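Colleague: Would you be able to build a 3D model of this:
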Amino acid sequence: MAERFLDKVYGVEGADEARSLYDDWASSYDSEVADNGYATPTRCAKALALIARRDTELLDFGCGTGLSGKAFREAGFTTIDGMDLSPQMLEQARTKKIYRNLTAIDADGKLPFRRGAYQAIAAVGVIGSGAAPLSLFDQLFNSLGPGGLFVFSFNDHTLKDPTFEARVSDAFLAGEAKIRHREYGPHLPARKMKSIVYILEKQ
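Modeller: Reported below is the predicted structural model:
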């Protein structure tokens, strides 16, 4: 019987532990999340497609095996780069032939692109419990130029900590961001888990 990782992921702490878990999970990730009805990537892609041009240069940050990139491609986006901290996940993403470029990143390093390089950045299931810390929100959002779009999701585990939604509210109230989309809906239906999908526009 294949090892199941969904029960482990929300307890992961730190970049090294996360990289190790996702490397081990890479070969079975797609099938395990599919068995649970993983809906958030498609929700993110469909929402972005209502706002952004299809030729928008899009960064799929924390792309994993490429499921989010696949959803964006199916929604019509044509220029997608992917970045992830797990080399084994990136190898799986490469087989999908979706991305213009794929880049391995260091969780403790600077983002490997200049401010304004992308018109849209996606972080689908990337920020939150068992994943990247809230500080990544600021790093990614601040790397957008004016008018840039940031699409991301917070699942139910993450929403238990009010600081994540509070950071979005702070960006809106400070005039840093316009909320273009916010929807609470299916995440992993087989586990009765939901997520909020956000799209913010940099002001």
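Colleague: how about the strands of the chain, start to end?
Modeller: 57-61, 79-84, 101-104, 120-123, 149-155, 177-188, 193-202 (DSSP state E).
Colleague: Pull out the buried residues from the lowest-mean-pLDDT helix or strand in the chain.
Modeller: Taking mean pLDDT, DSSP states H and E as the measure, the helix or strand of the chain with the lowest value is helix 6-9, at a mean of 77. For helix 6-9, burial by neighbour count (16 or more other CB atoms under 10 Å) applies to 6, 9. For glycine as for every other residue, the C-beta is placed from the backbone atoms N, C-alpha and C.
Colleague: Kindly reformat the strands of the chain as JSON lines containing distance to Arg167.
Modeller: Below are the strands of the chain laid out as JSON lines (distance: least, CB to CB, whole Å):
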{"stretch": "strand 57-61", "distance to Arg167": "17"}
{"stretch": "strand 79-84", "distance to Arg167": "21"}
{"stretch": "strand 101-104", "distance to Arg167": "26"}
{"stretch": "strand 120-123", "distance to Arg167": "13"}
{"stretch": "strand 149-155", "distance to Arg167": "10"}
{"stretch": "strand 177-188", "distance to Arg167": "10"}
{"stretch": "strand 193-202", "distance to Arg167": "11"}
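Colleague: among those strands, which is nearest Ser169?
Modeller: With CB to CB, the closest approach to Ser169 among these belongs to strand 177-188: 9.3 Å.
Colleague: average pLDDT across that closest one?
Modeller: When pLDDT is averaged over strand 177-188, the result is 98.
Colleague: can you list the residues that contact it?
Modeller: For strand 177-188, the external contacting residues (CB atoms under 8 Å, 6 or more residues apart in numbering) are 6, 33, 36-40, 43, 47, 50-51, 141, 149-151, 153, 155-156, 168, 171-172, 193-203.
Colleague: Which of those are buried? Put it as a PyMOL command.
Modeller: To isolate the buried members of these in PyMOL, using 16+ other CB under 10 Å:
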select buried, resi 6+33+38+39+40+43+47+141+149+150+151+153+155+156+168+171+193+194+195+196+197+198+199+200+201+202
